[in-house]
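Chemist: curious how this folds, go ahead:
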Amino acid sequence: MLTKRAHVRKPLKLRVVGLDPGLANLGLGAVVQEHQTTTYLGSQLVRTSPRESQSERLKKIYNETKTF
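Modeler: Residues are numbered from 1 along each chain as shown. Prediction:
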């Protein structure tokens, strides 16, 4: 069992990125916590069509998320 040590400090700023993977619907979200304040940074949903080939769907996911 892990125990908290007195010499281990929490970072001043904590950034968290969440990913809900999927080929049909892929979701991303990001928040930052500083002290006791949590701030929403953004989110994104990428939808692909089942009529597209797998490579077209993956290309769309890549293109829409590379700037997130």
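Chemist: when you work out contacts or count neighbours from here on, use the C-alpha atoms and nothing else.
Modeler: Will do.
Chemist: what about Thr67, neighbour count?
Modeler: For Thr67, the count of nearby residues is 6 (other Cα atoms under 10 Å).
Chemist: no no, Ser43
Modeler: When neighbours are counted by other Cα under 10 Å, Ser43 registers 14.
Chemist: contacting residues for it?
Modeler: By Cα atoms under 8 Å, 6 or more residues apart in numbering, Ser43 lies in contact with Gly27, Leu28, Gly29, Ala30.
Chemist: need those in TSV with secondary structure and pLDDT, can you?
Modeler: TSV is the format used below for these (DSSP: H, G, I helix; E, B strand; the rest coil; pLDDT from 0 to 100):
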residue	secondary structure	pLDDT
Gly27	strand	96
Leu28	strand	95
Gly29	strand	96
Ala30	strand	95
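Chemist: closest to Arg57 among those?
Modeler: Nearest to Arg57, judged by Cα to Cα, of these is Gly27 at 14.2 Å.
Chemist: touching, that closest one and Val17? I think so.
Modeler: No - counting by Cα atoms under 8 Å, Gly27 stays clear of Val17, with 10.6 Å between them.
Chemist: which of the two has more neighbours?
Modeler: Gly27 (15 against 12).
Chemist: what separation do you get for the more buried one and Thr65?
Modeler: Using Cα to Cα, to the nearest Å, one obtains 10 Å as the distance from Gly27 to Thr65.
Chemist: one more: His35?
Modeler: Distance from His35 to Thr65, by Cα to Cα: 29 Å.
Chemist: who's more crowded, those two?
Modeler: Neighbours per residue (other Cα under 10 Å) separate His35 from Thr65, with Thr65 holding more: 14 against 11.
Chemist: tell me which element the nearest residue to Gly29 once chain neighbours are set aside is part of?
Modeler: Spatial nearest neighbour of Gly29, chain neighbours left out: Ser43 (4.0 Å); criterion: Cα to Cα, 6 or more residues apart in numbering. Following DSSP states H and E, one finds Ser43 within strand 37-47.
Chemist: check what pLDDT Val8 gets.
Modeler: Listed pLDDT for Val8 reads 66.
Chemist: cool, and Gln36?
Modeler: pLDDT, Gln36: 87.
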